[in-house]
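Novice: Provide a 3D model corresponding to the input given below.
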Amino acid sequence: MMTKNPYPILEFDDNKTAKLNPSVFVSRPFDTDKMVITFFPEVVDALIAEEKIKLDRTLGGENPVYVYRFTDADVLITLGAIGCPACGGNLDLFHAMGITKVMFCGGGGVLDKTIEVGQLLVVDGAIRDEGFSYHYIEPSKYIYTNPKVTEKIVEYLTNHSISYLRGLTWTTDAMFRETPERIERRKAEGAKIVEMEQAGCIAVSEFRGFAYGALIYGGDDVSGDEWSNRGWRSRKGIRYDMVTLCKNLVNII
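Specialist: Next comes the predicted model:
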């Protein structure tokens, strides 16, 4: 049933069946239910060079998606697409192909300069400042990860003495519209990091009913008078270790 609203983005239709569904594109399901989605292409390249992953298949289209398999684990890995429509849409397709456990690892801009480069954030949820998630879950300011999944991640990190923060992200469609006032508002509302995918991915996992967890590391700094890159994309060790960590976590969520 569709709830109507003068603003289309605030309308919501809970009908599970659309005119076009992910199942249409599934010719051969995956033979595992576990996947890591990462935004670290240099890590994927390193894993290929080290023969720790091998190509499982290519999903065709104008922008092909390459899905790899770890050689020592029953886990797939792929590079995430930027933004909720691309990343969340692919996630919906992956689920239709049999994926029911997903760990996401990426980076984001910190809203508080005390969050150091490389500090891990366990995502509890996201502020929905984008459009994609509103087509999966009824309108709300916040969307939250499954607490049972999140607690498993936190327990693992604690037991292995891995430092972490936990909290909300701010998911936005517009990286060039993170204005000073908007940044302060989102920070006051509880967000620690800004990124472009979490609200959408959480919405897909909630709508379809599968396990999803996310780790975001502190990257550039948008909290100051001027933007600071902080060299966050050059932290190869941190990024490599995060992928390895998520490979382990996806087996326990």
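
Novice: alpha carbons only for contacts and neighbour counts from here, please
Specialist: Will do.

Novice: how about the strands in the stretch 151-253 of the chain?
Specialist: 165-172, 191-195, 211-221 (DSSP state E, counting those that start in this stretch).

Novice: Make JSON lines from those strands and add mean neighbour count, distance to residue 145 and mean pLDDT to it.
Specialist: Formatted as JSON lines, the strands of the stretch 151-253 of the chain follow (neighbours: other CA atoms under 10 Å; distance: least, CA to CA, whole Å; pLDDT from 0 to 100):
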{"stretch": "strand 165-172", "mean neighbour count": "23", "distance to residue 145": "10", "mean pLDDT": "97"}
{"stretch": "strand 191-195", "mean neighbour count": "26", "distance to residue 145": "14", "mean pLDDT": "97"}
{"stretch": "strand 211-221", "mean neighbour count": "26", "distance to residue 145": "7", "mean pLDDT": "89"}
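
Novice: could the ones you listed go into a markdown table alongside distance to residue 48?
Specialist: Supplementary listing: the strands of the stretch 151-253 of the chain in a markdown table, determined by distance: least, CA to CA, whole Å:
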| stretch | distance to residue 48 |
| --- | --- |
| strand 165-172 | 31 |
| strand 191-195 | 27 |
| strand 211-221 | 22 |
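
Novice: Nearest to residue 120, out of these?
Specialist: For those, distance to residue 120 was read as CA to CA. The smallest value, 4.5 Å, belongs to strand 211-221.

Novice: ok, residue 193 - contacts?
Specialist: Counting by CA atoms under 8 Å, 6 or more residues apart in numbering, residue 193 makes contact with 108-111, 168-170, 218.

Novice: Once you drop chain neighbours, what's closest to it?
Specialist: residue 110 (4.5 Å; CA to CA, 6 or more residues apart in numbering).

Novice: how close does that neighbour sit to residue 178?
Specialist: Distance, residue 110 to residue 178, using CA to CA, to the nearest Å: 12 Å.
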